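> Quick check, what structure comes out for this input:
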Amino acid sequence: MEDLKITLIQTELYWENIQANLSNLEEKIWEVTENTDLILLPEMFNTGFSMNAQALAEPMNLTTTKWMKQMAAQTKAVICGSFIAVENGNYYNRLVWMQPDGNYSQYDKRHLFRMAKEDLTFSTGLDKLVVELKGWKICPLICYDLRFPVWSRNLNNQYDLLLYVANWPAARESAWNALLPARAVENLCYVAGLNRCGEDGKNIPYQGDSQVIDFYGKKILDMGNEEDIATITLSAEKLEKYRKKFPAHLDADNFNLM
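This next block holds a predicted model:
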């Protein structure tokens with residue numbers, strides 16, 4: 001493992017306007033002047049958290065995927081975020097891990113937010129994704145997944161960095177701020193949570209509070225509540241030393257998901 005440099009783009013989103021969001025995010029990506037390995041975008045970064053899937057969904061060879069390929073190629077960094085995808089007549093809140101060479105992996109959101117009727121609009125993801133970057137094993141998840149620790153449990157140090165891209169409302173900021181460090185502590189890993197800010201088309205406010213947490217549960221990056229772009233370097237050596245000194249993963253309970 002080498003040290004890993006990640007960039008978080010905390011931004012407002014234009015409601016259900018794909019082209020406006022892609023143009024805005026492209027400008028923000030070009031504000032990142034230092035080299036970085038990974039650029040994180042929010043959940044449903046091209047539309048906001050909309051249930052209007054029939055009008056907004058894209059197949060995997062259309063505008064948003066092509067834009068992600070272009071951005072990854074030009075920045076030479078992985079681009080990661082979710083958007084509304086359609087496949088075989090089903091809609092998914094799909095996270096795409098786009099590499100600079102144009103190859104990508106995908107994760108469909110497992111836990112659909114029933115309070116917004118997301119479960120009535122989208123199909124549930126079945127498989128967890130773990131990808132590799134510069135020797136790091138990384139597990140990317142989406143928003144409401146944060147509330148379900150079994151799904152993210154890091155058995156046998158399966159991953160080193162846990163990611164959450166989100167549209168997490170300000171009304172539940174206390175849960176966001178409590179659960180991110182909890183996931184870091186219980187999984188002996190770094191955790192990065194990227195949330196949007198501003199207000200959506202349903203007048204729901206979002207507080208941002210994007211942050212990176214280390215394996216002690218300590219906040220090493222706090223982006224506050226306004227639009228911002230931040231880059232942070234994660235130390236592989238510090239993580240490896242901590243796991244050797246405090247190998248709690250060796251005492252974890254084994255289990256299988258049904």
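> Please enumerate the strands of the stretch 51-200 of the chain.
In the stretch 51-200 of the chain, the strands defined using DSSP state E, counting those that start in this stretch lie at 78-87, 90-98, 104-108, 131-133, 136-142, 161-166, 190-195, 197-199.
> With mean pLDDT and mean neighbour count added, can I get those strands in CSV?
C-betas here are computed from N, CA, C, even on glycine. Output for those, formatted as CSV (pLDDT from 0 to 100; neighbours: other Cβ atoms under 10 Å):
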stretch, mean pLDDT, mean neighbour count
strand 78-87, 98, 24
strand 90-98, 98, 22
strand 104-108, 98, 20
strand 131-133, 98, 17
strand 136-142, 98, 24
strand 161-166, 98, 25
strand 190-195, 98, 27
strand 197-199, 98, 19
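> Reformat those strands as TSV; add distance to Thr121.
Below are these laid out as TSV (distance: least, Cβ to Cβ, whole Å):
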stretch	distance to Thr121
strand 78-87	9
strand 90-98	6
strand 104-108	13
strand 131-133	26
strand 136-142	14
strand 161-166	18
strand 190-195	21
strand 197-199	21
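> Nearest to Asn24, out of those strands?
Counting by Cβ to Cβ, Asn24 lies closest to strand 197-199 out of the strands of the stretch 51-200 of the chain; the figure is 11.4 Å.
> which secondary structure elements does the closest one contact?
Strand 197-199 is packed against strand 205-207, with contacts defined by 3 or more Cβ pairs under 8 Å, 6 or more residues apart in numbering; DSSP states H and E.
> what comes up buried for the strand it packs on?
Of all the residues in strand 205-207, those buried under the rule 16 or more other Cβ atoms under 10 Å are Tyr206, Gln207.
> and if you look at stretch 172-188?
Neighbour-count burial for stretch 172-188 [16+ other Cβ under 10 Å]: Glu173, Trp176, Asn177, Leu179, Leu180, Pro181, Arg183, Ala184, Val185, Glu186, Asn187, Leu188.
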